[in-house]
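> Structure for this input, please:
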Amino acid sequence: MASKDTPKATGKTSGGHGDGSDAAKPYVVLARKYRPAAFPDLIGQLAMVTTLENAFRSGRIAQGFMLTGVRGVGKTTTARILARALNYETATANQPTTDMPELGRHCAEIMESRHPDVIEMDAASNTGVDNIREIIESARYKPMSARYKVFIIDEVHMLSKGAFNALLKTLEEPPEHVKFIFATTEIRKVPVTVLSRCQRFDLRRVDVPELVAHFGRIVTNEGAEADADALALIARAAGGSVRDGLSILDQAIAMGEGRVSEPSVRAMLGLADKGRVFDLLELVFSGKAGPSLEAFAQLLKDGADPAQLMGDLAEAVHISTRIKAVGGEAASEGLSAEERRRATRVAEGLSMALLSRAWQMLLKGLDEVARAPSPSAAAEMVLIRLCYTADLPSPDEIIRTLGGGATSAPRRSLPSGGSSEREPARPSLAASAPAPAGGGARREPAARAPARADADEFDSDDDGDRFDEIPPVDDESAYHGGTAQVASGYADPRSFDDVVALLAEHREVRLRYHVEEHVSLVKFDAQAGSIDLYLLTDAPPEVANDLRERLNQWTGRRWVVVLSKAPGQPPLGETRRAALEAEIQALKSHPAVRAVLDAFPDAKIDEVRRIARDVTDDSATG
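Have a look, this model is predicted:
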């Protein structure tokens, strides 16, 4: 965390650039030189600053504060500002306050970590009970000169379990002259018993625009020059940490001798140029493996790191996907106008499915590059996979091309304008099915869901056949145990298929299996509630009795299940498997399906799924 402008308090004690006397002083890095000295100097933490200012103004000051956040966001600096506010004292002010327009009696010593009543301890190197016992003993005595004795414990999550337990009582009921301030990057490792005794403040990452503006003020104060794109690059590399960003900025000013440019920052950080990253991305998405590898090799020659390059490609895909999903303004933060234009072009030229697939492959590729003995070879393999995957047509395009008589599947590429994404065809594959076993009359299923209004039909092939000319089935009970009828609300079975569907609805898995596979139906009389069965070899003898009890319980009427001495119809499972095999063989003879199987010799049809279509009642319309 850093101050908004040139600091008043720290500028007097840290030295810097200026006249001859300043030049004789040792150089102070920007992260220390521009460390905030008061609450108004903090950037990106408005919620915390507002809460503390109101608490001090109303006198509602807690005995313990817990500051958490990522590294470099300003936890220790905030703790020192808090200690300064608690002990602020001037000739006109003598009470805790967040309004500190000038250095008070104790301010300089507190900000420089040399005040006797503000004790800072690093829990990473002082983890034991003995260290906490020293704090507890010291807390008994009043401060030497300040108003409060303040204990600042950094990286508090590193304390041992015994140390935490030893601190609890003093933390809950400290002497009135003692305040505790804790800082940690691992808030989940802090016991809940400690958290419950403190006011918690989560210091958020500083946004890229705020960091860019802050770095711009510092560059001006340092008498240097910087490009806006270079500062945005540094801000993004900082990851929301002001300290990390100032360290990078310090290095960039030194490298450019007072001039911070985007190429120099990229060279310093080992980042590939964003324009070249998008060039590589477009080559990959166009399926050009050779040019893609040549562009990648040139980037490596210019100093790009393979892992960082994979990360840059993933970032470009993420930005493009956000633009695709939300719009052009979704990725405007921290991006140059040229980067937004290139990302928008990628988003307009590719489908969401392809972008999502590329994101997943790049994430997997990052892990491969990190673990591979040769990171560059692993990165090349990732690019090759992306090239060939990006060039593959989707299943809808394959069916549309082969079934519609087109000569070849369209190759994906990024156009100069407009979008190449189109709505794929959604044909309906349907086939006939035999009448249900059991002699029950087949009833029309419930009204089907309407087909999509934008569904395309296949063009006629050379033989004049169309997919929708294959005769449709009435429902799916012939292959899925009659579950469609149960879903439609039939509680009293009218066919043997309905009986199996009822068993499926009530999750009678074992009984349903035996009824489908090991029972031959001889007679089914729904009106009389009578079922005649013949038990096959593997059927358990209690099947008939169990089925009768279940039907009596579920339907509220009396059923009679008797065993016959002679077999009747084949088992339902056998009948359905035969019908499915016959349907698959019929589909294989269709020209479009035959073309797909010829193009993919190892492919096979395992299952037939039906797409809901509008059902027109001829009797109503005729």
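> what about the strands in the stretch 101-250 of the chain?
Counting by DSSP state E, counting those that start in this stretch, residue ranges of the strands within the stretch 101-250 of the chain are 118-122, 149-154, 178-184, 199-202, 225-226.
> Could you spell out the sheet neighbours of the last one, each with its direction?
Just to be clear, that refers to strand 225-226. Neighbouring strands of strand 225-226 in its sheet, by DSSP bridges, are strand 259-260 (parallel).
> Can you spell out the domain ranges of this structure, please?
Domain assignment for the chain by automatic domain parsing gives 36-202, 274-391, 425-622.
> what's the closest of these to residue 226?
Residue 226 lies closest to domain 274-391 among those, at 14.1 Å (Cβ to Cβ). (Glycine included, C-beta is placed from N, CA and C.)
> Make sure residue 319 is actually in contact with residue 343.
Yes: between residue 319 and residue 343 a contact is recorded at 4.5 Å, counting by Cβ atoms under 8 Å.
> Those two: who's more crowded?
Using other Cβ atoms under 10 Å, the more surrounded residue of residue 319 and residue 343 is residue 343, with 28 against 22.
> Which secondary structure elements does the host helix or strand of that one sit against?
In the assignment (DSSP states H and E), residue 343 maps to helix 337-349. Using 3 or more Cβ pairs under 8 Å, 6 or more residues apart in numbering; DSSP states H and E as the contact criterion, the secondary-structure elements in contact with helix 337-349 are helix 274-285, helix 306-326.
> That helix: which residues count as buried?
If you call a residue buried by 16 or more other Cβ atoms under 10 Å, then helix 337-349 has these buried ones: 339-340, 342-349.
> For residue 535, what are phi and psi?
phi -80, psi 130 (degrees, to the nearest 10).
> Tell me the pLDDT of it.
Residue 535 carries a pLDDT score of 90 in this model.
> give me every residue that touches it.
Under the criterion of Cβ atoms under 8 Å, 6 or more residues apart in numbering, the contact partners of residue 535 comprise 518-520, 541, 543-544, 563.
> Determine which two of the residues you listed are furthest apart.
Looking at these by Cβ to Cβ, the two members farthest from one another are 520 and 541, with 15.0 Å of separation.
> Quick check, residue 131 in contact with residue 121.
Yes: under the criterion of Cβ under 8 Å, residue 131 lies in contact with residue 121, with a separation of 7.1 Å.
> one step back: which one of the buried residues of helix 337-349 sits closest to residue 498?
residue 347 (51.3 Å).
> so that closest one sits right up against residue 318, yeah?
No: applying Cβ under 8 Å as the test, residue 347 and residue 318 come out as separate, 10.9 Å apart.
> quick one, strands of the stretch 451-600 of the chain?
Taking DSSP E, counting those that start in this stretch as the criterion, the stretch 451-600 of the chain carries its strands at 519-525, 530-535, 560-563.
> can you redo those as JSON lines with distance to residue 267?
Formatted as JSON lines, the entries for the strands of the stretch 451-600 of the chain read as follows, by distance: least, Cβ to Cβ, whole Å:
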{"stretch": "strand 519-525", "distance to residue 267": "78"}
{"stretch": "strand 530-535", "distance to residue 267": "82"}
{"stretch": "strand 560-563", "distance to residue 267": "84"}
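> Indicate which one of the domains of the chain is closest to residue 214.
Comparing these by their distance to residue 214 (Cβ to Cβ), the top pick is domain 36-202, with 5.6 Å.
> First-to-last residue distance for that closest one?
End-to-end distance of domain 36-202: 18 Å, with Cα to Cα, to the nearest Å as the criterion.
> in the stretch 451-600 of the chain, which spans are helices?
Ranges of helices in the stretch 451-600 of the chain, per DSSP state H, counting those that start in this stretch, are 483-487, 496-505, 509-517, 543-555, 572-588, 591-599.
> one step back: just the buried members of the contacts of residue 535?
By the neighbour-count criterion of 16+ other Cβ under 10 Å, the contacts of residue 535 include these buried positions: 518-520, 543-544.
> quick one: which of the residues you listed is nearest residue 600?
Using Cβ to Cβ, residue 518 is the member of these that sits closest to residue 600, with 37.6 Å.
> show me what contacts that closest one?
By Cβ under 8 Å, 6+ apart, the residues touching residue 518 are 535-539, 543, 571.
> With distance to residue 126 as extra columns, can I get these in a markdown table?
Converted to a markdown table, those look like this (distance: Cβ to Cβ, whole Å):
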| residue | distance to residue 126 |
| --- | --- |
| 535 | 79 |
| 536 | 78 |
| 537 | 78 |
| 538 | 73 |
| 539 | 76 |
| 543 | 74 |
| 571 | 77 |
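> Flag the shaky bits of this structure, pLDDT-wise.
Judged by pLDDT under 70, the chain has its weakly predicted residues at 1-24, 270-273, 328-336, 390-491, 611-622.
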